[in-house]
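Colleague: Predicted coordinates and the sequence they were generated for:
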Amino acid sequence: MSEEISWSKLFEYRGQIHQRYRDIWNIKILRKRFPLMLEMIQDGEKVLDIGASNRNLRERLRRHFPKLIYKSMDIDREQFHDFYSLEEIQESFDVVFLFEVIEHLEMKEGIQLLERIYHLLHEGGRLILTTPNVFNPSRFWRDATHKVAYCYDELGGLLLAQNFQIKAMYRTYSDAFHRYLFRIYVMAPLHRYLGIDFAKSILVIAEKKSNDTR
């Protein structure tokens, strides 16, 4: 694994994220992530789902992409997975999903995970990840197994440090349509004034640069 990222370098990368998203409120709201995922995949591509739990994403994706190659990795050996550790994986992928995983690791382990994912992706491959939104405090603190709370700019900075390109960031909030509209159009100004967001997670789409010589 590469050397740890210096704080000065991370601060520089965070600044680059801030040039694009001045604060949390500049990040668009995404109601449902699955339609976005479908836009990121082409039939016949190879997908790795890290932290896949019960692998229910496989069947949902195969309904849209019957030729999709889906593989999963999870440390839970009570369920079937293709891999139970990153070290077992000796193949490359077009897309990697990392949903609500990185916050369960120490920061050094999280950086190593992002680096490993970078090397598992083909050139032009996409990483789609989510993590609890720290501007919604209950989302992080409700789970005692969470170890690191990532602000959107810090997470983006860590991805830039691994030579990923940030394609998009979203705040995710899924609810009944009437409650969704109420939050967006009625309560949003109050949330912004208080500095507390209703969006539950941050979703990042990152891409491995083509022709990378690292």
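Modeller: Nice, I can see it. Numbers count the residues shown, from 1 in each chain.

Colleague: All the strands of the chain, residue numbers only.
Modeller: Along the chain, counting by DSSP state E, strands occupy 28-30, 46-50, 69-73, 93-99, 121-132, 164-172, 201-208.

Colleague: Need those in CSV (columns: distance to Phe83, mean neighbour count and mean pLDDT).
Modeller: Any C-beta I mention is one placed from the backbone N, CA and C, and that applies to glycine too. Putting these into CSV (distance: least, Cβ to Cβ, whole Å; neighbours: other Cβ atoms under 10 Å; pLDDT from 0 to 100) gives the following:
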stretch, distance to Phe83, mean neighbour count, mean pLDDT
strand 28-30, 29, 15, 95
strand 46-50, 8, 23, 98
strand 69-73, 4, 19, 98
strand 93-99, 11, 22, 98
strand 121-132, 15, 20, 97
strand 164-172, 22, 19, 97
strand 201-208, 20, 22, 97
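
Colleague: Kindly check the end-to-end length of stretch 40-58 for me.
Modeller: 15 Å (Cα to Cα, to the nearest Å).

Colleague: for stretch 72-91, that is, sorry about that
Modeller: Start-to-end span of stretch 72-91 (Cα to Cα) is 13 Å.

Colleague: residue ranges with poor pLDDT in the chain?
Modeller: 1-3, 211-214 (pLDDT under 70).

Colleague: Tell me where it has helices.
Modeller: 7-20, 33-39, 56-64, 107-120, 137-141, 152-161, 177-182, 188-194 (DSSP state H).

Colleague: coming back round to it: compare the strands of the chain and give me the one nearest Phe11.
Modeller: Closest of these to Phe11 is strand 164-172, at 16.5 Å (criterion: Cβ to Cβ).

Colleague: Quick check: beta-bridge partners of the closest residue to Ile184 other than its chain neighbours?
Modeller: With sequence-adjacent residues excluded and distances taken as Cβ to Cβ, 6 or more residues apart in numbering, Ile184 is closest to Ile29, at 6.5 Å. Beta-bridge partners recorded for Ile29 (DSSP bridges): Arg171.
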